[in-house]
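Colleague: what's the 3D shape of this:
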Amino acid sequence: MAQIGRRRVKAASHNTALHEVKFLSMLMTQAVRRSFAEGNPLLHPGIQKHKPAEKPAMTDEEIAKIRAELGRWPEWMRTCFEIAIYTGCRLSDTNVPLKDVDLDAKTMTLEKPKGGAERAFTVPIREELVPLFTRLKAERGNDQTAYDFDATGSKWEKPSKMWWRFFKQNDELNLPHLTFHCTRVTFVTRGAKQGVPQSKMMKLVNHASEEIHRVYQRLVVADVRDELNAIKFPAAAAPAPNPSGDAGTSPASEKRGVRKSTRKSQPGPDGGARLLRIHRLLDRQDVADRIAKFRGDLARRAVPVRPAQGRRGFRFARPR
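Modeller: Residues are numbered from 1 along each chain as shown. So this is what the prediction gives:
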């Protein structure tokens with residue numbers, strides 16, 4: 001985190017820098033095609049992206065702390081957070097048109113979610129959101145959205161930047177490990193802990209594939225312990241009593257153990273005689289002459305090569 005005057009500026013991350021390098025590579029490719037440059041040194045940088053940090057699920061204490069801190073921030077952020085935490089929708093979907101909220105049926109329709117209009121879907125809304133949407137419809141009218149974004153910094157600031165400052169640059173909150181998208185992770189994780197079927201949870205958050213949906217689940221060992229104990233198996237039969245009275249080994253295993261220990265403790269009857277024959281063979285003159293001849297042939301076939309790093313070396317000629 002860099003400090004510029006009174007404003008803290010986020011330092012560029014590895015993946016952000018790599019993204020800009022790839023964008024510059026696209027510009028350089030066009031420059032080469034138009035003969036403005038001779039080559040593109042950024043075409044294949046060979047730099048891999050870093051795996052992004054995993055977004056955690058929020059605890060009850062953290063949610064209470066966030067709600068208390070939002071009292072000092074603009075009203076639209078409180079509305080945005082409550083819609084997100086109770087529906088699991090993305091930040092861009094929290095500013096839903098009020099005409100798409102049906103209080104009689106208690107449903108909310110997102111006409112332009114991530115993926116376009118063809119991914120539009122309708123989900124039920126919780127009882128906690130009914131008073132909020134009732135007040136918004138009465139105050140703002142049915143032809144407005146849930147809130148109007150009011151930037152506290154630059155006029156070009158986006159809602160995502162406001163939430164980034166809320167979590168990352170807020171010393172009073174002191175929860176820099178969280179982001180706004182953690183509301184979606186929290187919604188999916190709590191649904192999995194409560195036993196909501198995956199197909200129904202995917203419908204609630206509009207996930208297209210099970211692989212994407214599994215990315216949002218943050219289950220720990222304690223969350224699956226009860227399910228482990230719920231898996232039933234037939235009980236193991238009690239071991240039969242040993243007729244010999246020895247609870248250690250069976251007669252067959254005892255015999256195998258005796259044979260094995262006998263082979264280890266008692267050497268072969270002709271072991272010493274075999275060793276004596278080897279010594280006598282080495283003492284014979286003809287065997288010594290053969291060994292000397294072999295050594296001489298080996299030395300003659302060795303060809304000296306240029307020393308490497310001050311050491312003498314030899315290579316052996318291939319036998320003819």
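Colleague: which other helices and strands contact the helix or strand where residue 135 lies?
Modeller: Taking DSSP states H and E as the criterion, residue 135 maps to helix 130-140. Packing contacts for helix 130-140, counted by 3 or more CB pairs under 8 Å, 6 or more residues apart in numbering; DSSP states H and E, involve helix 75-87. The way it works is simple: take the backbone N, C-alpha and C, and place the C-beta from them, glycine included.
Colleague: What are the contacting residues of the helix holding residue 135?
Modeller: 79, 82-83, 98, 101, 103, 106, 125, 146-147 (CB atoms under 8 Å, 6 or more residues apart in numbering).
Colleague: how about CSV for those residues, with distance to residue 71 and neighbour count added?
Modeller: As requested, the contacts of helix 130-140 are exported to CSV (distance: CB to CB, whole Å; neighbours: other CB atoms under 10 Å):
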residue, distance to residue 71, neighbour count
79, 13, 19
82, 13, 18
83, 17, 26
98, 24, 18
101, 25, 23
103, 26, 14
106, 28, 14
125, 24, 20
146, 19, 22
147, 16, 20
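Colleague: Widest-spaced pair of these?
Modeller: Using CB to CB, the pair of these lying farthest apart is 106 and 147, separated by 20.3 Å.
Colleague: Confirm residue 186 sits in a strand?
Modeller: No. Checked against DSSP: H, G, I helix; E, B strand; the rest coil, residue 186 lies outside a strand; its state is helix.
Colleague: thinking again about what came up before, just the CA trace of the helix holding residue 135, in CSV.
Modeller: Output of helix 130-140 as CSV, limited to C-alpha atoms (Å, rounded to 0.1, in the frame of the first residue of the first chain):
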residue,chain,number,x,y,z
VAL,A,130,-39.9,-7.6,2.5
PRO,A,131,-39.8,-4.6,4.8
LEU,A,132,-36.8,-3.2,2.9
PHE,A,133,-38.4,-3.5,-0.5
THR,A,134,-41.7,-2.2,0.8
ARG,A,135,-40.0,1.0,2.1
LEU,A,136,-38.0,1.4,-1.1
LYS,A,137,-41.1,1.1,-3.3
ALA,A,138,-42.9,3.7,-1.1
GLU,A,139,-40.0,6.2,-1.1
ARG,A,140,-38.6,5.8,-4.6
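Colleague: Could you list the buried residues of it?
Modeller: Within helix 130-140, the residues that qualify as buried are 132-133, 136-137, counting by 16 or more other CB atoms under 10 Å.
Colleague: That one vs helix 75-87, what angle?
Modeller: 150 degrees (axes from the mean of the first three to the mean of the last three CA atoms, to 10 degrees).
Colleague: In PDB, could you pull the C-alpha coordinates for the helix or strand that helix 130-140 is followed by?
Modeller: Per DSSP H and E, the first helix or strand lying C-terminal to helix 130-140 is helix 159-168. Output in PDB follows, covering the C-alpha atoms of helix 159-168 (Å, rounded to 0.1, in the frame of the first residue of the first chain):
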ATOM      1  CA  PRO A 159     -19.500   0.900  -6.500                       C
ATOM      2  CA  SER A 160     -16.800  -1.800  -6.600                       C
ATOM      3  CA  LYS A 161     -14.100   0.800  -5.700                       C
ATOM      4  CA  MET A 162     -16.200   2.100  -2.800                       C
ATOM      5  CA  TRP A 163     -16.600  -1.400  -1.400                       C
ATOM      6  CA  TRP A 164     -12.900  -2.000  -1.900                       C
ATOM      7  CA  ARG A 165     -12.100   1.200   0.200                       C
ATOM      8  CA  PHE A 166     -14.700   0.000   2.800                       C
ATOM      9  CA  PHE A 167     -12.900  -3.300   3.400                       C
ATOM     10  CA  LYS A 168      -9.300  -2.600   2.600                       C
END
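Colleague: Name the residues of helix 159-168 that are buried.
Modeller: 159, 162-163, 166-168.
Colleague: closest to residue 174 among these?
Modeller: Nearest member of the buried residues of helix 159-168 to residue 174, counting by CB to CB, is residue 167, at 9.9 Å.
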